[in-house]
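> Here is a sequence together with a model predicted from it:
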Amino acid sequence: MRVEIDLPLLLPYVEEIRQRLLDQAAGAEKIIFTKSDLDAAGIQLIVAVRKEFPSLKIEIAPGQSGKICHLLLLKEVNSDV
Amino acid sequence: MSNLKKIFLEEADELLTQIEPLVLDLEKGVSPPLLDELFRVVHTLKGSAGIAGIRGIGELTHCLEDLLDGLRSGETEVRSGLVDVLLMGFDGVKAMVADLAAGHDLPPPEELIREIAGYGRGNSPELPAEEKMSPSGTGPRQPPDAAVEKAGDGLPEEVRRILLDGLHQGQNVYHLTLDFGRDFFRQGHNLTYLLEDLAGLGTIAGFAVDGSRVPVLSRLNPEDFHLVFTLYLVTGATREEVEEIFVFVVSDENRVVVKPAGEYVLKETTPAESPDNAGRPPAPGQEPPFSCEHLPYVVNVLRQQEKALKLAAGDVLPGLLPVVRRILERLAGRAGLACEQYPAADPGEEKERLLGMAGTILDALGAEYGADTAGPPSRTGTSGLESPLAGAAASGSIAGVARQGSPEGGTARERRQSAFRVQRETADALMNLSGELIVAKNSLSYLVKKLEVRGLDEYARELKDRYHYIDRISREMHNQVMDIWLLPVQEVFGRFPRFVRDQAKKLGKRVDLVTDGGDTRLDRDIIEKIYDPLLHLVRNALDHGLEEPEDRIKAGKNPTGVIRLTAQRQGERVVIQVSDDGRGIDVEALAEKAVSCGMLSREQVSGMTGQEKLRLAFLPGLSCKDEISDLSGRGVGMDAVENTVKRLGGTIQVESSPGRGTAFVISLPFTMATSEVLMVRVGQGVYGLPLSAVSETVRVEEKDLRTVRGRPVALLRGEIIPLLPGHLLLEGQSSRRGEAVLVVLWQKAALPVEAVLGKEVIIVKPLAGELKRLSVFMGAAVLGDGRVLLVLDPGELLRLAMNGQDKGGIRLAGGN
């Protein structure tokens, strides 16, 4: 099962994303974030997801907004997901 | 004042005592181990201030820590005046600690902060090349690219190449740590903008994030900030320009550290520090593991956290628990311990969890150091920490260190278990109770005598047996309590290096202070009171004793003079010596001065031996020095020194040799808490004489009691011994019926007594009120049978007798 989240990984949306994930992520194999926006709050969310659901695969749409954060996440978080 | 602040005051005092000698050692040579040690102590001080919520001291120590960190990393040049700046800074801390003790947590003086922060950036001359410190501790500082090349072993190849290329192109390479507080988002900051601004200055490389503080999703508060970022920046910009990007962000909570990269990388990844980890950078999101040098500091920090939590019973300070958790999580991460637990909602429960975490980390550290490896399983259970230390995950961390056989490591846990702090009041109470027990025990021997008098021999024998048993226990207990009560003389000696340094500088003299026997233990009351006399003697040695460097050279001496402070236990006494290798005391000049001041007649002086003239130095108001300086020369001091030493039950002797120096030898009882006295009967009164002052007791025939020049003397083994007029000073008449019993004192004088009644261990209490005027008594004690015993001051007895005075004691009080 895969879960798609269509909200940007930005601070104002993180709480809503968190609630959705807590409702839907249990039992899912993969989460896809379809919006490419990403900031530090988004990185925190990804790290928290990994800690709560270690076997879950995470995919984030590539994008230019928050490129540095993307690079960081790509290298430091996605690498071993 | 809160418990945390009280504890901080104690710790600050202790840490500042450690800091000063370390700073002074920097004058002998700046070395990385010394800077590291100093940094650690200052960091501990800062941490303690932070935990206790003392902002002012925290700010100043933070500033000093930055300076030391800059020196360690090589970012700040070692220049002349370093020791002065540091001493000034720590003097500032001391003053703020004193303010805090008085209830004021004041901000540090701005000019002091400016002075410390400005060190290394001003125009003060650099030290000669050979005195500069290299990052590795040997040879001159390496050029930055050399440092990076060496550090490159621990960096990914592509990052290393970017850094080296940048350096070779003449660019700067900085390592940045962005460690923001939990409220970073709420304060309206946006990390993305900051990073983009940073990228605008050059190339970002080796970007990494530490997510270890981020909780699991179910516990995540999106508005809390938990990340720590590290990165390298290759740029043409200066450090100030880089720092300017964060100018609106940086605060106590939001820390941004910008450091030249080569040095920083070296520190964290050199193979020498983590041999098992060579060639491998720390895993993403992880801090580097502990190295051997970190461990004492880590243990110290953990103990502070434990202590802070234990003290926070009931009223947990707002914000304390998250701070402690943060520190423990970081330590756990660096110790290779998996931390899977998250804050409990209930403060009490959270406190217990954190205590468990601290205990587990300490246990793990202890285990790795070869101490007790079996930590209590329940502890691990409550803390929620899993220790992979024995596994591969710990390679290169403390497990690796343990294999290297660290000399310090084995004692970390032992120290924690074998030492703890005792409040002064508790030590006082223990000492008093131990003394009372001795008095109470003494009363049993009186009961034995009473029973014997009444013919109840069987009961007397039984009680005597019990008495011996209690006597043994109470003596053993007293010895143990004495161990708490005695302090090393170093407590006093340690105060002199700074004083000697400062005063020698002021006087333009070159002086080495040598101390020896600092571990000799002495009664803490004496320790507290002996400082001033020693200070007088050291001052005199500096000002009067040691010559100017040019005069010393002319005299064929080393231009650097030596002052020695030594201590040695000799039986029941401790001998402290203050000596110098200076010009010595000119006894003729001293005698001449005594005559010109009208203190002595020329005839009196002419009949004196050299040693007697030397003793004139103790005359009140007499000084050989014509000029009065800040230090000495007012003629005030030596008599005060002698009086204080006497009050402490000691004696002082002086020896001097022209051109070779002077030595003052102070002999003190090692404790004042209990005294052994010889009980004597004079007339109808019973008095005590300190046993330490008694040379012997003898019986002499009446024919050997004579009068010489109007003064009573005794002829003892062909020697004339002056007799103290005890019958005048004390109650009753001396009975001379055919023979007399004499108590011969160390000072070669004898006190005629009716009878010697035996020895007794007593606690001497000073006389109070009007009785204080009776200087012939040093105090009084309660005997086992409830009677009060007046204890004679042999020195005063002698002085009064020699001066023909009879106002120091005499019949006003009498014996019991």
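Received, thanks.
> Please make it C-alpha for all contacts and neighbour counts, starting now.
Noted.
> Now chain A against chain B: closest residue?
With distances taken as CA to the nearest CA, chain A approaches chain B most closely at residue A:48, which sits 4.5 Å away.
> And that residue, how far from residue A:39?
For residue A:48, the distance to residue A:39 under the criterion CA to CA, to the nearest Å works out to 14 Å.
> can you check residue B:254 too?
Relative to residue A:39, residue B:254 is positioned 18 Å away (CA to CA).
> Which residue of the two possesses the greater neighbour count?
Comparing residue B:254 with residue A:39 by other CA atoms under 10 Å in any protein chain shown, the one with more neighbours is residue A:39, at 22 against 16.
> Give me the pLDDT for the closest residue to the more buried one other than its chain neighbours.
Once flanking residues are discounted, residue A:39 sits nearest to residue A:10: 5.3 Å by CA to CA, 6 or more residues apart in numbering or on different chains. If you check residue A:10, the pLDDT there is 89.
> swap in residue B:454?
Note for residue B:454: predicted pLDDT of 91.
> So what's the residue count around it?
Residue B:454, neighbours per other CA under 10 Å, totals 9.
> ok, now residue B:256?
The number of residues packed near residue B:256 is 20, by other CA under 10 Å.
> can I assume it is in contact with residue B:175?
No: judged on CA atoms under 8 Å, residue B:256 makes no contact with residue B:175 at a distance of 10.4 Å.
> State the helix or strand in which residue B:83 lies.
For residue B:83, the host element (DSSP states H and E) is helix B:82-101.
> Return the set of buried residues in that helix.
The neighbour-count check on helix B:82-101 (16 or more other CA atoms under 10 Å in any protein chain shown) flags B:82-83, B:85-87, B:89-90, B:92-94, B:96-97, B:100 as buried.
> one step back: so who does the residue of chain A closest to chain B touch?
B:214, B:215, B:216, B:217, B:220 (CA atoms under 8 Å, 6 or more residues apart in numbering or on different chains).
> These into TSV, with extra columns for secondary structure and pLDDT?
Written out in TSV, the entries for the contacts of residue A:48 read as follows (DSSP: H, G, I helix; E, B strand; the rest coil; pLDDT from 0 to 100):
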residue	secondary structure	pLDDT
B:214	coil	87
B:215	coil	88
B:216	coil	87
B:217	helix	91
B:220	coil	91
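> closest to residue B:229 among those residues?
Of all those, the one with the least separation from residue B:229 (CA to CA) is residue B:214, at 12.9 Å.
> That closest one contacts residue B:226, correct?
Yes: taking CA under 8 Å as the definition, residue B:214 is a contact partner of residue B:226 at 5.4 Å.
> hey, what's in contact with both of the two?
Taking CA under 8 Å, 6+ apart as the contact rule, the neighbours common to residue B:214 and residue B:226 are residue A:44.
> Near residue A:40, how many other residues are there?
Based on other CA under 10 Å, the number of other residues close to residue A:40 is 22.
> isn't it right next to residue B:191, touching?
Yes: between residue A:40 and residue B:191 there is a contact under CA under 8 Å: 6.5 Å.
> do you know how far residue B:493 is from residue B:767?
From residue B:493 over to residue B:767 the distance is 31 Å, taken as CA to CA.
> Neighbour count: those two, which is higher?
residue B:493 (21 against 18).
> What about that one? Give its phi and psi, please.
Geometry field for residue B:493 lists phi and psi as phi -60, psi -40, criterion degrees, to the nearest 10.
> That one: what's it in contact with?
The neighbours of residue B:493, taking CA under 8 Å, 6+ apart as the test, are B:515, B:518, B:565.
> ok, so of those residues, who is nearest residue B:538?
Closest approach between the contacts of residue B:493 and residue B:538, by CA to CA: residue B:565, at 8.7 Å.
> What lies in contact with the helix or strand hosting the closest one?
Under the assignment given by DSSP H and E, the secondary-structure element containing residue B:565 is strand B:560-570. Residues outside strand B:560-570 that contact it (CA under 8 Å, 6+ apart): B:489, B:493, B:509-518, B:520-521, B:538, B:541, B:546-547, B:549, B:574-582, B:670.
> residues of it that come out buried?
Within strand B:560-570, the residues scored as buried using 16+ other CA under 10 Å are B:560, B:561, B:562, B:563, B:564, B:565, B:566, B:567, B:568, B:569.
> Show me what the fifth one is bridged to.
Meaning residue B:564. residue B:514, residue B:579 (DSSP bridges).
> For stretch B:692-703, what is the distance to the chain centroid?
Between the centre of stretch B:692-703 and the centre of its host chain there is 45 Å, according to CA atoms, centre = their mean, to the nearest Å.
> avg pLDDT for it?
What stretch B:692-703 shows for mean pLDDT is 83.
> now swap in stretch B:611-621 and tell me
Confidence for stretch B:611-621, expressed as mean pLDDT, is 82.
> Report the buried residues of that stretch.
B:613, B:614, B:615, B:616, B:617, B:618, B:619, B:621.
> check which helix or strand covers the first one.
Here residue B:613 is covered by helix B:610-615, with elements defined by DSSP H and E.
> which residues sit against that helix?
Counting by CA under 8 Å, 6+ apart, residues outside helix B:610-615 touching it are B:585, B:587, B:588, B:590, B:591, B:605, B:654, B:655, B:656.
> who are the neighbours in contact with the third one?
Residues touching residue B:588, when contacts are defined by CA under 8 Å, 6+ apart, comprise residue B:613.
> same check, this time on the last one
In this structure, residue B:656 makes contact with B:584, B:585, B:614, B:662, B:663, judged by CA under 8 Å, 6+ apart.
> Tell me, please, the helix or strand in chain B that averages the lowest pLDDT.
Sorted by mean pLDDT, DSSP states H and E, the helices and strands of chain B end with helix B:398-404, the least confident at a mean of 29.
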